[in-house]
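Asks: sequence first, then the predicted structure, then my questions.
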Amino acid sequence: MARQFVISPDVNVRNITDWFILNTKVQRMTGEAFHATAYTDFADLHRAYAEGLADLVYANAADTATLVRDHGYLPIAAASGVSKEASIVVAVDGPLHSLADLPTSLTVASTNAPDVERICRILLEPANLGPADITLVVKPNPVLVAKAVMRDEVQVGFLPQDAYAELSAMVREQLRVLVASRIYVVRNSLLASPAIADRIEAIWAGLESMNHDPASAELLAGLGAPHGWERISLEDTHFMIDLMEALSQS
Amino acid sequence: MEDMRPEDVRGEWREYDWTYFDGTRRRLLVTDLETRFPTGELIVSQTDVEGIITMCNEAFVHMSGFSREELLGTPHSILRHPEMPKAAFADLWNTIDQGSRWSGYVKNLRRDGGFYWVYATVIPKIVDGVIVGHTSVRREPSRDKVEELSAVYATMRAEEGR
């Protein structure tokens, strides 16, 4: 039976084919059959985790915490020099120009990406806006978050910065970035389940060889790792998890 | 920790002969110049179980005014501002020594005698069930909270006879 390689819905997938090419490389690295699934729904992804159908995972920071702390997953790598950052956007012709302009309660459009939501909620704290002051409307993707802001359905939108950068120029012209994060430590991680712990070194060796292979440059860029892969230790991962825990508002 | 030196301080200063919890003393030179927290950033650091800084990020270096080399290996209390009440730090240590998370508003002392306010969260770093250090994340505070806590801390200091 093939191993399962799962990709979190909040990974910015420009071209799904890139992930299947990486999956093919992983099969060569390990000598085992892997089946890749790029999930579009967190409920389906979490069901895969619960059913043990996730041997290799490209996980967001929130899921990394659960997988590493509760299920013994081990970190392999992360995109070198790439962190997850978020922006809070408003309508360009609207009345909101700074955090100080925000009302005491706020309607927000966001995708269900937990890392981005957590970062943006932190960005709103200086405006005295806590969890009870924010009404969140979940949209299926960043384009619909942007449209909800442009159409005044909500007052602000939470967007991953890479997704904002990829919105069309026409859409971006109708938005203003109210505040943007520069946190640098929240990142997606490639994790291995305990069942494939003995394959970690082989996978890392393969990823590292991609870093030095000019023919892999385009693929790496497509995977969101334009500077290649970086080995991450369990200690690095625990640090990121601690940090995410410190940022939780519960 | 070395005494603060007038040549490192910007602006008019007032002097404190400060005694830390472990009995060590340091001459503090304090001004009223505030450095505002950079919007969107976080100050991140880790300490060992004794409170010695083992890791810090660039925002920490920038906001504290110290170099990274000066910070690493130094007690985190080098940032302790004399206008913070002792009771606030007693609460912090009591909380984190029990393995719990602590959050609060803190006025920190810069190398140049100025200050900066943060909303700090400190969580224990636990390895194999043992606390081996702490991770501290500081974020931009609400200005309303800073005003409120400035008054609260002044009252607490007065109750401490300072």
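Replies: The structure has been received and is ready for your questions. Quick caveat: nothing in here was measured; it's all calculated off a predicted structure.
Asks: tell me where the chain has strands.
Replies: All of this refers to chain A. Residue ranges of the strands in chain A, as given by DSSP state E, are A:3-7, A:34-38, A:56-59, A:74-79, A:86-91, A:106-110, A:134-138, A:156-160, A:175-180, A:189-192, A:229-231.
Asks: meant chain B actually
Replies: Going by DSSP E, chain B shows strands at B:14-19, B:25-30, B:43-48, B:53-56, B:102-109, B:115-127, B:130-139.
Asks: CA atoms of the second one as CSV?
Replies: So the one you mean is strand B:25-30. Output for strand B:25-30, consisting of C-alpha atoms alone and laid out as CSV, is shown next (Å, rounded to 0.1, in the frame of the first residue of the first chain):
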residue,chain,number,x,y,z
ARG,B,25,23.5,46.1,42.0
ARG,B,26,23.7,48.3,39.0
ARG,B,27,23.7,52.1,38.3
LEU,B,28,20.8,52.8,36.0
LEU,B,29,20.5,56.1,34.0
VAL,B,30,16.9,56.6,32.9
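Asks: excluding its backbone neighbours, what's nearest the residue lying farthest from the centre of chain A?
Replies: Checked against the mean C-alpha position of chain A, the extreme residue using Cα atoms, centre = their mean is A:P95, at a distance of 30.3 Å. Among residues not flanking A:P95 along the chain, A:D101 sits closest, at 6.5 Å (Cβ to Cβ, 6 or more residues apart in numbering or on different chains). Every residue, glycine included, has its C-beta placed from N, CA and C.
Asks: go on, A:V6?
Replies: Nearest residue to A:V6 in three dimensions, chain neighbours excluded: A:A54, at 4.6 Å (Cβ to Cβ, 6+ apart).
Asks: okay, now the one you found: neighbour count?
Replies: Neighbouring residues of A:A54 were enumerated by other Cβ atoms under 10 Å in any protein chain shown; the total is 26.
Asks: now residue 55: closest residue in space that isn't a chain neighbour?
Replies: By default, I'm working from chain A. Sequence neighbours aside, A:R3 is the residue nearest to A:D55 in space, at 4.1 Å (criterion: Cβ to Cβ, 6+ apart).
Asks: please refer instead to chain B.
Replies: What sits nearest to B:M55 in space, not counting adjacent residues and going by Cβ to Cβ, 6+ apart, is B:Q46, at 4.2 Å.
Asks: residue contacts, the one you found?
Replies: For B:Q46, the contacting residues are A:239, B:53-56, B:125, B:133-136, by Cβ atoms under 8 Å, 6 or more residues apart in numbering or on different chains.
Asks: make a PyMOL selection of whichever of those turn out to be buried.
Replies: Buried members of those, identified by 16 or more other Cβ atoms under 10 Å in any protein chain shown, are gathered into one PyMOL selection as follows:
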select buried, (chain A and resi 239) or (chain B and resi 53+56+125+133+134+135+136)
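Asks: rebuild the contacts of B:Q46 as CSV, extending it with distance to A:F34 and pLDDT.
Replies: What follows is the contacts of B:Q46, written out as CSV (distance: Cβ to Cβ, whole Å; pLDDT from 0 to 100):
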residue, distance to A:F34, pLDDT
A:F239, 29, 89
B:I53, 42, 97
B:T54, 38, 95
B:M55, 35, 93
B:C56, 39, 94
B:K125, 34, 87
B:G133, 37, 92
B:H134, 39, 93
B:T135, 34, 93
B:S136, 40, 94
